[in-house]
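**Student:** return a 3D structure for these sequence lines:
(one chain, ligands or ions: 2)
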Amino acid sequence: MSALIRAVGFSVVMILAFAAVTYVLPQVKGEAPEEEEVNLGELTIDSFVAMGEKLYKGKGTCTLCHNNLGRAPDMLTFDVHAASLQRIADSRYQGQAADVESYLRESMLQPSAYVVEGFGKKGSNDAESPMPAVDQPPIQLSDVEVDAIIAFLQQKDGNPVTVALPSGDAAPAVEAESTAAAPVLAQNAEEAIAKFGCAACHAILGSKSPVGPSLEDVGQRLQPAQIRISIIDPKAEIAQGFPPIMPEFPNMAVAELEMVVQYLSQQTGSQP
Ligand code: HEC
Ligand code: HEC
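**Tutor:** Ligands and ions are numbered 1, 2, ... in the order given. Got it, this is the predicted structure:
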């Protein structure tokens, strides 16, 4: 009887796995990411703002934390211009910013320069931000990409966009980078983990992030098939004691998925 239930359970898992894999599979051929279409010769403020919005919701991974779950201020729900002016005027403000643009840039590049009250790292008494600097791995945005996000955050509430459009030397760099960003397959598991920002939430590859379970010993706890399911269908099973916030990765190619699964299966926490 219990063998039957187990067999049924197993086939349900297999069906789920197949459903998910066929969902992921077409991505191997890869539609060109939309960022690639930004032709810098024809950049206008509008297309720059649109690029910023895409980065905010995509590659920048900002909405992983800046959402309605309370981990970080949900900037899509308030006037970022007005809030920034308030932060600079706060008696706790120790940063260098003098205007909205420089406050937003500082918040992204040196998150601990000012920590919004109540959002600091646990035990740091709001002296240290849990936000990673966005020009560093794993997020690693270029200067132009940071500017595009600032433009988006300024424009979304109808406030003046003060950042300058990229031109001259900056343009080819962003073009090269955005072609390199999404469509290129990661060459190994470490690259794939960096590309999809797993370390923003998990302890892995030197990260100590406590948002999700540590992956440094996941090979000891889960079978490869369970690891695979955790990645392609994060909602299938929620690890106890953790919030159900792991995103799906529709742009992950099967080859990348398999490299990550294999790599994680080997993480037993006891390696040197
Ligand atoms: C790992 C979670 C995390 C990610 C990812 C993240 N942030 Fe944050 N961010 C925070 C937290 C927490 C705060 C509040 C503490 C502080 O002030 O540093 C914050 C604060 C900010 C602030 C200041 C907001 C205010 O109300 O004054 C800005 C601006 C900001 N983030 C922008 C971004 C952008 C843009 C991205 C994506 C490129 C991003 N963040 C990605 C966690 C994150
Ligand atoms: C926004 C945060 C976030 C990101 C990004 C993220 N995860 Fe997770 N992950 C979680 C949380 C929270 C859980 C625990 C809750 C759950 O099971 O969904 C989890 C669970 C898991 C588990 C199951 C672990 C266990 O012990 O049960 C695996 C495996 C995993 N993630 C792998 C990955 C991989 C690989 C990536 C990158 C491709 C990734 N995660 C990206 C938050 C995240």
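
**Student:** can you say which helix or strand has Leu185 in it?
**Tutor:** Following DSSP states H and E, there is no helix or strand that holds Leu185.

**Student:** in the helix or strand where Leu85 lies, which residues are buried?
**Tutor:** Taking DSSP H and E as the criterion, Leu85 maps to helix 80-89. The neighbour-count check on helix 80-89 (16 or more other Cβ atoms under 10 Å) flags 80-81, 83-84, 87-88 as buried. Every residue, glycine included, has its C-beta placed from N, CA and C.

**Student:** pLDDT of the helix or strand that it is followed by, averaged?
**Tutor:** Using DSSP H and E, the helix or strand that directly follows helix 80-89 along the chain is helix 100-109. What helix 100-109 shows for mean pLDDT is 97.

**Student:** output helix 100-109 as CSV, nothing but the C-alphas.
**Tutor:** In CSV, the C-alpha atoms belonging to helix 100-109 read as follows (Å, rounded to 0.1, in the frame of the first residue of the first chain):
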residue,chain,number,x,y,z
VAL,A,100,18.3,62.6,-5.2
GLU,A,101,20.5,61.3,-8.0
SER,A,102,23.6,61.0,-5.8
TYR,A,103,21.6,59.5,-2.9
LEU,A,104,20.2,56.8,-5.2
ARG,A,105,23.7,56.1,-6.6
GLU,A,106,25.2,56.0,-3.2
SER,A,107,22.4,53.6,-1.9
MET,A,108,23.3,51.2,-4.7
LEU,A,109,27.1,51.4,-4.6
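
**Student:** tell me the angle of that helix relative to helix 80-89?
**Tutor:** Angle of helix 100-109 versus helix 80-89, following axes from the mean of the first three to the mean of the last three Cα atoms, to 10 degrees, is 80 degrees.

**Student:** packing partners for helix 100-109?
**Tutor:** helix 80-89, helix 143-155 (3 or more Cβ pairs under 8 Å, 6 or more residues apart in numbering; DSSP states H and E).

**Student:** and ligand 2, which of the ones you listed is closest to it?
**Tutor:** Nearest to ligand 2 among these is helix 143-155; the distance by Cβ to the nearest ligand atom comes to 18.3 Å.

**Student:** which other residues reach the closest one?
**Tutor:** Identification of contacts with helix 143-155 by Cβ atoms under 8 Å, 6 or more residues apart in numbering yields 45, 48-53, 55-56, 59-60, 62, 75, 80-81, 100-101, 104-105, 108-109, 134-135, 141, 160-164, 166, 170-171, 173-174, 177.

**Student:** how far is it from where the chain is centred?
**Tutor:** The chain centroid and the centroid of helix 143-155 are separated by 16 Å under Cα atoms, centre = their mean, to the nearest Å.

**Student:** can I get that helix in CSV? Just the C-alpha atoms.
**Tutor:** Provided in CSV are the C-alpha atoms of helix 143-155 (Å, rounded to 0.1, in the frame of the first residue of the first chain):
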residue,chain,number,x,y,z
ASP,A,143,27.9,52.4,-14.4
VAL,A,144,25.5,52.9,-17.3
GLU,A,145,23.2,50.3,-16.0
VAL,A,146,23.2,52.0,-12.5
ASP,A,147,22.3,55.3,-14.2
ALA,A,148,19.5,53.6,-16.2
ILE,A,149,18.0,52.4,-12.9
ILE,A,150,18.3,55.9,-11.4
ALA,A,151,16.5,57.3,-14.4
PHE,A,152,13.7,54.7,-14.0
LEU,A,153,13.3,55.5,-10.2
GLN,A,154,13.2,59.2,-10.9
GLN,A,155,10.8,59.0,-13.8
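
**Student:** is it in proximity to ligand 1?
**Tutor:** Yes. Counting by Cβ under 6 Å from any ligand atom, ligand 1 is contacted by helix 143-155 at Ile149.

**Student:** list the buried residues for that helix?
**Tutor:** Buried residues in helix 143-155, defined by neighbour count with 16+ other Cβ under 10 Å: 144-155.

**Student:** any idea which of these is the one closest to ligand 1?
**Tutor:** Nearest to ligand 1 among these, with distances taken as Cβ to the nearest ligand atom, is Ile149, at 4.7 Å.

**Student:** could you find the closest non-adjacent residue to that closest one?
**Tutor:** In this structure, Ile149 finds its nearest non-sequential neighbour in Gly52, 4.5 Å apart by Cβ to Cβ, 6 or more residues apart in numbering.
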